[in-house]
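In: okay, predicted coordinates and the sequence, questions at the end:
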Amino acid sequence: MNLRRRLVPYLYIAPAFALTLVFSFVSMGISLYASFHHFDAFAGSSAFVGFDNYRRALWAPDSYFWVTMRNTGLYVIMTVVGVIATALPLALLCQRAPRGQALFRTLYFLPSITPGVVIALVFYHIFGVWGQLLDKAHTALPALALLGIWAGAGYNMVIFLAGLSDIPQHFYDAAKVDGANRWQQFRHITIPMLRNTLVFVAVMTIIGSFQVFTSVYIMTLGGPERSTEVIAYTIFINAFAVAGQMGYASALAWLLFAAVFVFVLVQMRVFRSRKVYDE
Amino acid sequence: MAKRSFSTLLAYSGAVLLLAAVLLRAGITRAWVDDLTDTTPPRSIKLRVWDWWSPSYNEEYGAYFDDLERTFEANNPDIDLVYQNIPFGNYVQKLSTAMVGRTPPDVFQSSVYWAEGFYQRGMLRPLNDLLAENSRRPTHQRVTSDTFLPSAWRHNHTPSGTVFGIPQIIDAQCLIWNLDLLEHAAQDDAEIRALFVQRTDETVDYNRLRFDAVRDWDHFRRIAQKLTTHHPDGSIDQAGFVVSAYSSGAGMFSPWMAANGGRYQDAYGTKAHFAAANGVEAMQFIARLYWEDGVCPPFRRQISDVELFQEGKVACMVAGTWSGKDIVRNTLGWDHFAKTAFPPGPRGQEQKTMTWGNMLVITQRCTNVEAAWRYIQFVCSLEGNLLRHKHLGYNGPRLDFYATPAWSQTLANRPYLSNVKEICLAGDKLRHTEIIATNHQANPIIETILLRYPDIVAGKGPYASVAAALAQAEHNVDNVYRRYNQQVALWLAQRGETP
């Protein structure tokens, strides 16, 4: 009976675990295997090549890995800063709205449930009107980041709203009694108390931004002059549009994984979660 | 209470009806329902055909597919044609997946973009044995090489002669001219007037341009300059020509280079040749039209060449021979334009362009080759060509098509098609090896040349010269070819064949 009781939770999670195992971990395993092989999607694996695919990505003269990583990194920085700088104020404003909070939440959340292709097509024409932002190498990537911020701000605003609602009101009451103004309350209560939410939003936005693809594929195809060619786009081209390069594309994907992993690890170390107040 | 029960009943009934409608008319369930209600005798062969053309494009394509299916099935009562539409952008992935999953179509239309690659992967059935049998049929039913324009029969076979596809259409890149603008300019300019066809009574036919109307690049430049007008502030009001910089890369470069005696790649897909002097001159010619001659509107990603042309803002653009019917459709009937090939450059000998013929192919896993071949023979016969021409306005890849009354009637009704046959005949073979991969390597460099030409010429650009930029692009494309040929060797080895 005791054993049965212990097994029941595992049975409950078994379907989800099986799906994750098959569609995430097995796929990742195949991808890792492919990255060490010459691998063609049509014909399958043909030869073990060791680290050749990685070497080619990192050091071959015709590799654009570093260019794409630079572009991706810039995009990530712009998007993360932009999303936090937009979503947090929106959340604060929404929280203080005396009426229509649900309406504003819904409106700001709408971009998150709109298909990326639709957003990209609409912004493609908007950016054409706004000073031809996609036509110049120095404005195209910021324009894509602007789209990313617009699309991601609403979702993260909801997360910040949840975080804000967790901050006990008596902290603010006590601060008011001590004579703290709005800015001081924000600086010394809201920000520290939102630390975990901030880290969560930053980490999720970084992971999402590293994988930016749809807007590039729809709007710029990596141009002009490779200024918007991001790593996910290069992986896609090599995996699905070039014969026999699935292994190389897999190596690029694992390099991307490594970059994201390191980035997030550093961030988690720097902003390590800690208890900031005693209950 | 009764009122509530009634509304609940109404809601459930609506939901059930909606579900029934979806089951009856959508997705795979539609086919089941159709099978249940179909009273016609079952056909023994189900022939699956894949195409990126679709009845849902517009009513013309709908009528074409209806007519094609009706006519073919009437002549072949044992075959049930099943069309499946596959988007152009997903063709390679979906076909590869279907081949690996052992569920490929029997027949499909293959773009020249992928045909060579599909064959080298072993996905296509060689057709030489079927062609040998077909060669005994009457000319209008034959689909052998002698019945096609030579420029249509280029992408469908290997250099050693193995045929893997039969041309269904023929397309070529061409210069399309706005005859409203040319006719207006011709009133005061004898050089522009001389571009038009002269009738036997020496009057000018303002509906037709001579095939060789533009003599050479200098002549083209001069014509473009004459057709360019400016606003008082110096910006271009009407452009003589339009150059597209973004992502199109080799699209415009290749035909200008062909007119200068150059070519993009070799026949075997082992070496790129576009950085030779012919290519460098072609690139410089295009860039100078924009930067020095000032005959082009500003580079704009969001505004296509054809949009500018249709608005009457541009006198000449590069497009495909197929695009005439789209222009007529988009402009609600305006057809006062004409097509020519590309005039020769300093190293060229004659009017040139790039030509290609997308084809019908049979997959290696086709379960009924005889039925598939019957379908291909019909679609690629003279009757099939005329059917496509009737509904879709395509000119055919067959020689006998151009001798039909239908084509003569079309030329009388639509003068903009008058040079199309000559343009198609003047075409070199469009590049054919790993096009997407080569685009990925070369297009950004071509884009850089066009966008930063003044910097490059001044020695301040990312490349020392146009020649250096093209050499870099060619080197990168050669790497693509090298890797691709290694892959081809592996495919051959897997099949036990020798290269």
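Out: Structure's in. What do you need?

In: could you check the pLDDT of residue 137?
Out: I went with chain A, as the question did not name one. pLDDT recorded at A:Ala137 is 90.

In: chain B is the one I meant
Out: On pLDDT, B:Arg137 comes in at 91.

In: same check on the one 10 residues further on?
Out: Reported pLDDT at B:Thr147 in the predicted model: 95.

In: quick one, what contacts B:Thr228?
Out: Neighbour list for B:Thr228: B:236, B:238-240, B:294-295, B:315 [criterion: C-beta atoms under 8 Å, 6 or more residues apart in numbering or on different chains]. All C-beta atoms are positioned from the backbone trio N, CA, C, and that covers glycine.

In: can you do 6 Å?
Out: By C-beta atoms under 6 Å, 6 or more residues apart in numbering or on different chains, the contact set of B:Thr228 is B:239-240, B:295.

In: now render these as CSV, adding neighbour count, secondary structure and pLDDT.
Out: Converted to CSV, these look like this (neighbours: other C-beta atoms under 10 Å in any protein chain shown; DSSP: H, G, I helix; E, B strand; the rest coil; pLDDT from 0 to 100):
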residue, neighbour count, secondary structure, pLDDT
B:Ala239, 27, strand, 96
B:Gly240, 26, coil, 96
B:Val295, 26, coil, 95
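
In: just those now: which is nearest chain A?
Out: Nearest to chain A, judged by C-beta to the nearest C-beta, of these is B:Ala239 at 17.0 Å.

In: isn't the closest one up against B:Pro298?
Out: No: counting by C-beta atoms under 6 Å, B:Ala239 stays clear of B:Pro298, with 9.5 Å between them.

In: which of the helices or strands spans B:Gly279?
Out: In this assignment (DSSP states H and E), B:Gly279 forms part of helix B:277-291.

In: again with B:Leu181
Out: Using DSSP H and E, B:Leu181 maps to helix B:179-186.

In: and what of B:Gln238?
Out: B:Gln238 belongs to strand B:236-238, assigned by DSSP H and E.

In: against which helices or strands is the next helix or strand after that strand packed?
Out: Remark: after strand B:236-238, the chain's next helix or strand is helix B:250-259, criterion DSSP H and E. Applying 3 or more C-beta pairs under 6 Å, 6 or more residues apart in numbering or on different chains; DSSP states H and E, one finds that helix B:250-259 contacts helix B:277-291, strand B:353-356.

In: how close does B:Asn358 get to B:Tyr394?
Out: 11 Å (C-beta to C-beta, to the nearest Å).

In: ignore what I typed, I meant A:Arg182.
Out: A:Arg182 is 70 Å from B:Tyr394, by C-beta to C-beta.

In: ok, A:Met219 next?
Out: Taken as C-beta to C-beta, the span from A:Met219 to B:Tyr394 is 32 Å.

In: same question for B:Gln486.
Out: From B:Gln486 to B:Tyr394 the distance is 38 Å (C-beta to C-beta).

In: the two - which one has more neighbours?
Out: The residue with more neighbours, out of B:Gln486 and B:Tyr394, is B:Tyr394; 20 against 13, by other C-beta atoms under 10 Å in any protein chain shown.

In: check contacts around that one.
Out: Here B:Tyr394 is in contact with B:169, B:388 (C-beta under 6 Å, 6+ apart).

In: just the element for it, please.
Out: Residue-wise, B:Tyr394 maps onto no helix or strand under DSSP H and E.

In: re the thing from before, mean confidence score for the helix holding B:Leu181?
Out: The model assigns helix B:179-186 a mean pLDDT of 96.

In: and stretch A:147-166, by the same measure?
Out: 93.

In: what parts of the stretch 151-300 of chain B come near chain A?
Out: B:246-247 (C-beta under 6 Å from any C-beta of the partner chain).

In: point me to the residue of the stretch 151-300 of chain B nearest chain A.
Out: Closest residue of the stretch 151-300 of chain B to chain A, C-beta to the nearest C-beta: B:Ser247 (4.9 Å).
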